[in-house]
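>>> Structure, please.
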Amino acid sequence: MLIPHLVIRSDFEEVKSIAQCIEEDWKVLLGACFPRILVNILPYFVSDCSGDSDRKKREVASNVYDLLQDEKCLGKQQIDNLFLQNMPDIVVELLMTLHESPSGTSSSNNNSDGPQFYGELDPPPNPPYFPSYVIKATLDYISSCHNSKLKSLVAILSKTPDSFQKILLSICKQAAESSNVYKKHQILTIYHLFVNLLLAEIKDGLGGAWAFVLRDVIYTLIHHINSRSTGPRDDVSSRSFMLCLDLLHRVCRAAITNCKDALDSHLHVIVSSLIPLANSCAKIQEQVCDLLTFLVIENQNNENLYHTIKLLDPFPDHPLFKDLRQAHQKIKYSQGSFSLLQEINHFLSVSLCESLPLTRLEGMNDLRKQLEQHKDEIKSLVYDFQGNPQDSVIAKLVLSLLQLSKNAVHLDNGKDVLEAAGSCLGELGPVDFCTIALQPQKELLNGRIVDVFEDKELQCVLVILKLINNALTDHCIHVRSAAATCLKNILSTKTGNQFWDRYKESGDLMLVYLQPFRSPKKKFLDVENTPIGDTAMDALDDQSLWIPQNVSHEDWIKNLTCTLLESGGVRSEVLLLLKPMCEVKPDFCQAVLPYFIHNILQQDSVNLWRKLLSKYIQGFFTSCCRSVPSSSRSATPASSDSESEGLAPGTVDITSRRTMLSVVEYLRKQRRMSEKSKEETGISLQDLLMDIYRSIGEPDSLYGCGGGKMLHPLARIRTYEHEAMWGKALVTYDLETSLPSATRQAGIMQALQNFGLSHMLSTYLRGLEHENEDWSSELQEIRFQAAWRNMQWDQSSSYKGDVAGPGYHGSLYRAIQSLRDKEFSTFRDHIKVKEVEELCKGSLESVYSLYPTLCRLQAIGELENAGQMFSRSVTELQLNDMYTKWEQQSQILKDSDFGFQEPALTLRSVILETMLEKNGPNQNALKPIFTRHLVHLSQTARTASNTQLPEKAIFKVKQHNSAHFIVSEWQLEEAQVFWAKKEHSLALGILSQMVDKLESNSLEVENDPNLQLIYVECMRLSGNWLSETCLASPTVIMQNYLEKQSFSQKWNFCLSDSFRPPLVPQLAPFGGEQLCSESVEYVVSLPRCCEKTMEVMRSSQDALLTIVEVYLRVVLSLYASCRWSEETHNKYTYTVSGGLLYLYISSFFFLLYFIFYLFCFLASFNKVAERVLLRLQEKLKGVEEGTVLNVEGQVNLLIQQAMDPKNLSRLFPGWKAWV
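Below is the predicted model of the structure:
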């Protein structure tokens, strides 16, 4: 600042004195300040000097310029060189002198900006300052002095395309560094002026920089709009908004007019960023509406924009967007309405913008509505992709939502994105992805990169350039500046030029954006390697560098990567140039860290680095093992409440652990095949692996870490917990008193909870609370979990000790308590938990780690919807509608682990029971819904081999249902619960009592179809159980069964879906295998067993055919009153076609099992019944493919047919991927 003022006063002696003090040549000092000096000279050459003061300033400027041109000073040649070398800086300095006033803009005909952007009270910048027409004239003057035929300064700058990037970046930097709203607005007017100059000549290509300029300007304006889209706006902020919108409108119009399809990839970002401005002042609304109308309505017939407009997210239902909404829907649904699959694909078709996740907010809100309204289609989508999970659209949707959340989690205004993503994920719940890992976008990118380049170094360059290209649109100006620096340097290296030459034919749009960063000179940049010395090695030989201690993950990863670059171990010229990015962007550090360490190991010929890195990476994981919370698994698998919540200050957080695991995984993929892994002694490898893998949500890995095989206490406990053997886990916890107290306490509490011992858990918790005043966050979470599950509302809602706020269960407890106490204003605050933020910290290497949070998001969504019913009176229809939605969600999760279904089912029980406690007018409507829910909970738990929860559910059913009834459906479930608990006598006794009551009240049964259904189910269960336990002979069972069938035949009814046996026995292969295995115990081998069975069947042909004919008559009579769907027919077709394969390779009872399905098939296809019956006769005679075979030959043929994968796939839909 000082030198230019001295020069303009012609005080060169003082300049020389300053140069001497700082030991610098005074001419060099003048050259360094040359752009700022010219700002005080050139504008006066072109301004109108109407007054004496102006004429004097021009005279002074002319004299100073003459002195500078003197050979004793800089000289004319040196000045010309400085002009060429510093052109971007000269333009920036000149632009920074802009100052307009409303009166000045209105009187100036040359000004292209309207007076609405300027205020009378806007303070002027430090002098000198000039109006826009003077600055434009000065720029023209500079171009006229240039020895070229080019007419404008923009055309001159086009000769060095990176000049535009330098100027735009410099202006944006000054805006970002200023905290004064007036200064920011002034810089925006400068930006507006310069961009308009560029747009005027963009049709000429700007020296190849046109694509970069358009993208950079669009994203700069969008970032400015998004950063100030919330909160009140004063006059200055409103004018800044209007200026940004005006410039954005000009950019869009210029792009459509001159650059064809250049706007396609940015249209979604522009439109989505403008939508939130609908609630702004009238002037801004008008500008927004005009711009959106131009883009969507006026250009809907534009061949380049039509497809992009079709892919836009829906416009909100707002009066301002009425016409836009109609126009967009007309384009989107031009081929008809969308299915849910099409809606999801439409959402996924828009490429993610890492720096602007808010642009997908409206899309996520609409998607949540679609998911809520089409639960049945979600179920179909889950099943359709079971055989090919890598193409599952549900998995892709979850990946997209997670990526959006990760991009928004650190933004100040990203909360809305997290809530919208959480709502969508909650509508899905923990659906079965049918895979153990999801494939993130980076893995897909790496897969494509391998196809492009075989050279590992060029693959690395492509990955890095992709990351840097994304960073060029980051909201942080320092990241964009670092990205530009890295790009220029990388593309100036020999490797960078080699990459460009080989990749330029790929057609990747990325190269168009990177074009301005290429150096026109052919001379390559030489990158000096840091010499390896003791100091560099000492810097790495520091435990605090490798293990985060009292620092955030962001600071730790930046420090680690920068230290590695400075150590001298990294030798790749491309990697060495990445330090500017590593200093400002933690996500970039995390992505490139594996490449750094791999490059160090590649260049390590003497194993010096290998030993050092191995030592500290091993130490890192050992530290993780110590810091991982050692509590037991919670009620849902792998759902330890926020994994970072359980860590003490200074320990390794989950993000850092995943970072280092990614390094190890990358090295594992890159290691040389000749190397063998080495095991170091001195640590408990089994403990280390088990705790590390458990901490990232991969409990199945315990079997590879000795689970179930070792006598180690922790291994035994983890195995029992994983296999849901809670009783054995409790016994082991009780015996192993040497375990840490925190581990035992948390483990015992979780085991008691999962074992269904609620009252014992409450007693245990009261004892712990009396002994321990200060609880850890994890123990307090378990306390709240037990409280809301057991509906104990006397717990203190405050957190004890040094705990930062409530976790998931604490928030859930408070939210339900608010509903009970009718404090509806606080309900919403309590239900807003940070589950999506915790999900963003996770990884996708294990799908198992996603399920607990998806389960929680589902529960939060259901509680939020149910909470609306507490604040108003509801009808029976609304209650039934709520339960129907629950049932639909349960059907979607039918194949998911029970551990991920149980929390939501339990929460539904708490919601319904809380509603019953209100004693409202809908008690009679609520009780049947509550009973149905509890029966469903019992059935689901019993199917998952959990017998404690079903018994508890049935107990609650008895509490809420009077004894004045003949029989009820829930009694059937009670009998099955006791049967599952191996209490066979009790189960059979319940069925016997039910049958006796039904037969003694035959008149009521005849008039009540529900009782008829219960009666038939009682008979079916009794027959099956008696046959399983051999408590009655097959003859007695068959006679009683046939007799009961004929007794029930006169009622002329059709089995309901709730009682009909499964139409497609997916587990039949396991059943067949078990039957065959049991037979082998008595007959030496499987073929011999089958031969014996075949001999018995051939000798009993008449008896078998008689039974078949009887069944045929019975089932056909049922068919007369039943109309099964086409889907049911198809399922029976597959069942019978496969059943024929198993007919002769099982015991006599398996034959009866087949006959049941056979006649379900005959009942639905009675026209071909006779033909199938004849075919059965042929098989009993040994006729196969027209040839009569002996017993041994027929058995061998049938066994081969049964083992055919094609036949198995036809018999068991969903098994095709496995056979």
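>>> Strands of the chain, start to end?
Assigned by DSSP state E, the chain shows strands spanning 1183-1184, 1187-1188.
>>> Can you tell me which of those is nearest to Ile90?
The closest of the strands of the chain to Ile90 is strand 1183-1184. By Cβ to Cβ, the value is 94.5 Å. Heads up, the C-betas are built off the backbone N, CA and C, glycines and all.
>>> Neighbouring strands - and their directions - for the closest one?
Looking at strand 1183-1184 with DSSP bridges, its partner strands are strand 1187-1188 (antiparallel).
>>> and for the strand it pairs with, what are the contacting residues?
Lys1181, Gly1182 (Cβ atoms under 8 Å, 6 or more residues apart in numbering).
>>> Show me how far it is from its chain's centre.
60 Å (Cα atoms, centre = their mean, to the nearest Å).
>>> Quick one: mean pLDDT over it.
Averaged across strand 1187-1188, pLDDT comes to 81.
>>> ditto for stretch 67-76
Regarding stretch 67-76, the rounded mean pLDDT is 87.
>>> Quick one, grab the pLDDT at the spatially closest residue to Phe588 that is not a sequence neighbour.
Spatial nearest neighbour of Phe588, chain neighbours left out: Met581 (4.9 Å); criterion: Cβ to Cβ, 6 or more residues apart in numbering. Met581 is assigned a pLDDT of 96 by the prediction.
>>> Contact partners for Met581?
With contact set as Cβ under 8 Å, 6+ apart, Met581 has these partners: Ile468, Ala471, Val479, Ala482, Ala483, Cys486, Phe588, Cys589.
>>> can you list those in CSV and add distance to Ile816 and neighbour count?
Shown next, in CSV, are the contacts of Met581 (distance: Cβ to Cβ, whole Å; neighbours: other Cβ atoms under 10 Å):
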residue, distance to Ile816, neighbour count
Ile468, 49, 24
Ala471, 44, 24
Val479, 43, 23
Ala482, 48, 23
Ala483, 48, 24
Cys486, 52, 24
Phe588, 43, 26
Cys589, 42, 24
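>>> Could you dump these into a markdown table with distance to Asp384 and pLDDT added?
Shown next, in a markdown table, are the contacts of Met581 (distance: Cβ to Cβ, whole Å; pLDDT from 0 to 100):
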| residue | distance to Asp384 | pLDDT |
| --- | --- | --- |
| Ile468 | 39 | 95 |
| Ala471 | 38 | 93 |
| Val479 | 41 | 95 |
| Ala482 | 45 | 96 |
| Ala483 | 42 | 96 |
| Cys486 | 44 | 95 |
| Phe588 | 38 | 93 |
| Cys589 | 40 | 92 |
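>>> ok, so of these, who is nearest Trp26?
The nearest member of the contacts of Met581 to Trp26, counting by Cβ to Cβ, is Ala482 at 33.6 Å.
>>> how close does the closest one get to Pro319?
For Ala482, the distance to Pro319 (Cβ to Cβ, to the nearest Å) stands at 44 Å.
>>> for Gln976, same thing?
57 Å.
>>> Same check on Ile990?
For Ile990, the distance to Pro319 (Cβ to Cβ) stands at 63 Å.
>>> One more: Leu214?
Note on Leu214: its distance to Pro319, by Cβ to Cβ, is 32 Å.
>>> Looking at these two, which has the bigger crowd around it?
Leu214 (26 against 7; other Cβ atoms under 10 Å).
>>> My understanding was that that one contacts Lys260; is that so?
No. The pair Leu214 / Lys260 is not scored as a contact, 11.7 Å apart, by Cβ atoms under 8 Å.
>>> count of neighbours near Met510?
15.
>>> gap between the nearest residue to it once chain neighbours are set aside and Phe83?
For Met510, ignoring the flanking residues on the chain, the nearest one in space by Cβ to Cβ, 6+ apart is Asn469 at 5.1 Å. To Phe83, Asn469 is 32 Å away according to Cβ to Cβ.
>>> neighbour-wise, which of these two wins?
Legend: neighbour count by other Cβ under 10 Å for Asn469 and Phe83, higher for Asn469 (19 against 16).
>>> ok, that one to Arg502 distance?
17 Å.
>>> Val1195 contacts Lys1092, doesn't it?
No. Under the criterion of Cβ under 8 Å, Val1195 is not in contact with Lys1092, lying 9.7 Å apart.
>>> who's more crowded, those two?
Neighbours per residue (other Cβ under 10 Å) separate Val1195 from Lys1092, with Val1195 holding more: 23 against 16.
>>> Look up how far Leu1104 lies from the more buried one.
Using Cβ to Cβ, Val1195 is found at 17 Å from Leu1104.
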